[in-house]
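# Kindly return the folded structure for what I paste below:
(chains A and B)
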Amino acid sequence: MKPETFDECLNLYGADLERWPPPLRAQALMALQDSPPLQQRLEEERGFEDLLSSAQAPPPPGDFARRILAAAEDTTQKGLRSRWAELFSFKPAFALACLLLLGFMLGIWAGTRETRNAASTDLASLYNDGETSWINQLNSSY
Amino acid sequence: MRKIFISRKSFASIGGPLVPMEKEPQQTSDEDLARRVQGGDRNAFARLVEKNAQRYYRVAYRITGDAAEAEDRVQSAFLKFWQYPLKWNPGLGWKFSTWFSRVVVNLCLDQKRKRNREMVMDRIPEAPSEVATEETLMQAERNRRVEAGLRTLPDRQRAALALCFYEGFSNAQAAEAMGLGLKALQSLLMRAKASLREKVLQMEKRKP
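Coordinates of the predicted model:
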């Protein structure tokens, strides 16, 4: 393996040779056996990576996961509320259909009621007529 | 705009708080958990968050350079998956971790693009002021230089480094996570390391 190729692989795959693709790793290991400059380059890269590793990201707050779960719970509730709100408030077609249906139902209900009232009135008048005649008969007997 | 929960009939039934079950096996893979979330399993989602929140926080922190922003981006990513779990399609051959990293990386990069601001040097953490050993101080100073060097890198180079170096993604996985071809990722990575090496060395030379 040429030094330039070795250098390129170091940049691409890092100083841990286990992470190199197997064919390149085999070539690198062979080249390293006889080449102090390549060994030195590998050591330099390891030192650089150690330096990078020392700068770890700070940990998140201890309750980070819990906060995400609480936010998800909140989203669920809001989602359900907005779904209902969407159905009843923000869909003009749905609202119009509801109004039409309501009007239709009211119409049927009012029509039925009127018919029933008319029938009741007829019955009452018959009854009243009968009652009147009965009272008249009673009065005339005295 | 469409509201959420149009594709999740299972979430319409609220079934207690989102808490991971204690007896959930620790070794359950992310893919298994994510599939269960797609089936409406709330505990699986809680387990997924508990298991991965820190890891993706580190990625987000490396890209944004800001703890609060990193928290926001990771939270947004998890909420997106909670609301639209079917966006992860295992049939396409994506590992969940790769797909989710992509969501996190994109959220971080998009936000940075929107804000269109550069990280400023004065936000780099200062060396500890309390009494410390010489070794601790030297370590803190080295960290500070690396942090400073990282913050001068372009966002995408920083993202490539965060995934490949700090989180141990293979180059191919990192390329998928960033939506790049392998060659493009490798080029980013090489430039990032070369640039960082140069900057850290410069700071070493300038140190008092």
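
# now chain B, which segments are flagged as low pLDDT?
Judged against pLDDT under 70, the low-scoring parts of chain B cover residues B:1-26, B:115-132, B:207-208.

# Now name the helix or strand holding the closest residue to chain A within it.
With C-beta to the nearest C-beta, the shortest gap between chain B and chain A falls at residue B:146, namely 3.7 Å. Any C-beta I mention is one placed from the backbone N, CA and C, and that applies to glycine too. Assigning secondary structure by DSSP states H and E places residue B:146 in helix B:134-152.

# And that helix, what does it pack against?
With contacts defined as 3 or more C-beta pairs under 8 Å, 6 or more residues apart in numbering or on different chains; DSSP states H and E, the secondary structure elements packing on helix B:134-152 are helix A:36-54, helix B:155-161, helix B:182-206.

# That helix: how far from the chain's middle?
Its chain's C-alpha centre lies 21 Å from the corresponding centre of helix B:134-152 when counted by C-alpha atoms, centre = their mean, to the nearest Å.

# Next, give phi and psi for residue B:41.
According to degrees, to the nearest 10, the main-chain angles of residue B:41 amount to phi -80, psi 110.

# tell me, what residue is most central in chain B?
Taking C-alpha atoms, centre = their mean as the criterion, residue B:59 is the residue nearest the geometric centre of chain B, at 2.6 Å.

# Tell me how far the closest residue to that residue other than its chain neighbours lies from residue A:111.
Of all residues not flanking residue B:59 in the chain, residue B:162 sits nearest, at 5.1 Å (C-beta to C-beta, 6 or more residues apart in numbering or on different chains). Residue B:162 sits 73 Å away from residue A:111, going by C-beta to C-beta, to the nearest Å.

# cool, residue B:185 as well?
In this structure, residue B:185 and residue A:111 are 74 Å apart, going by C-beta to C-beta.

# By proximity to chain B, which residue of chain A wins?
Each residue of chain A has a distance to chain B, by C-beta to the nearest C-beta, and the smallest belongs to residue A:55, at 3.7 Å.

# show me where the chain has helices.
If you meant another chain, say so; for now it's chain A. For chain A, the helices defined by DSSP state H cover A:3-13, A:22-33, A:36-54, A:64-88, A:92-141.

# looking at chain B here, not the other one
Under DSSP H, chain B gives helices at B:30-38, B:42-64, B:67-83, B:96-115, B:134-152, B:155-161, B:171-178, B:182-206.

# Now these in a markdown table, please, with extra columns for distance to residue A:92.
Supplementary listing: the helices of chain B in a markdown table, determined by distance: least, C-beta to C-beta, whole Å:
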| stretch | distance to residue A:92 |
| --- | --- |
| helix B:30-38 | 33 |
| helix B:42-64 | 34 |
| helix B:67-83 | 25 |
| helix B:96-115 | 33 |
| helix B:134-152 | 51 |
| helix B:155-161 | 44 |
| helix B:171-178 | 43 |
| helix B:182-206 | 48 |
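
# Of residue B:162 and residue A:111, give the one with the bigger neighbour count.
residue B:162 (25 against 10; other C-beta atoms under 10 Å in any protein chain shown).

# can you pull the contacts of the more buried one?
B:58, B:59, B:62, B:63 (C-beta atoms under 8 Å, 6 or more residues apart in numbering or on different chains).

# Of the residues you listed, select the buried ones using a ChimeraX command.
A single ChimeraX command suffices to select whichever of these are buried according to 16 or more other C-beta atoms under 10 Å in any protein chain shown:
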select /B:58,59,62,63
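
# now the helices of chain A in TSV, with mean pLDDT?
As requested, these are arranged in TSV below (pLDDT from 0 to 100):
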stretch	mean pLDDT
helix A:3-13	89
helix A:22-33	92
helix A:36-54	90
helix A:64-88	77
helix A:92-141	73
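
# Let me have those helices in CSV, extended by distance to residue B:71.
Listed next are the helices of chain A as CSV, based on distance: least, C-beta to C-beta, whole Å:
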stretch, distance to residue B:71
helix A:3-13, 32
helix A:22-33, 39
helix A:36-54, 23
helix A:64-88, 7
helix A:92-141, 39
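
# Tally up the residues packed near residue 107, please.
Answering for chain A, as no chain was given. By the other C-beta under 10 Å criterion, the neighbourhood of residue A:107 contains 10 residues.

# try chain B instead
The local packing count at residue B:107 equals 21, with neighbours defined by other C-beta under 10 Å.

# pLDDT score for the nearest residue to the residue of chain B closest to chain A once chain neighbours are set aside?
When the adjacent residues along the chain are set aside, residue B:146 lies closest to residue A:55, with 3.7 Å between them (C-beta to C-beta, 6+ apart). Reported pLDDT at residue A:55 in the predicted model: 80.

# Residue A:55 contacts residue B:147, doesn't it?
Yes. A contact is recorded between residue A:55 and residue B:147 when judged using C-beta atoms under 8 Å, the distance being 5.4 Å.
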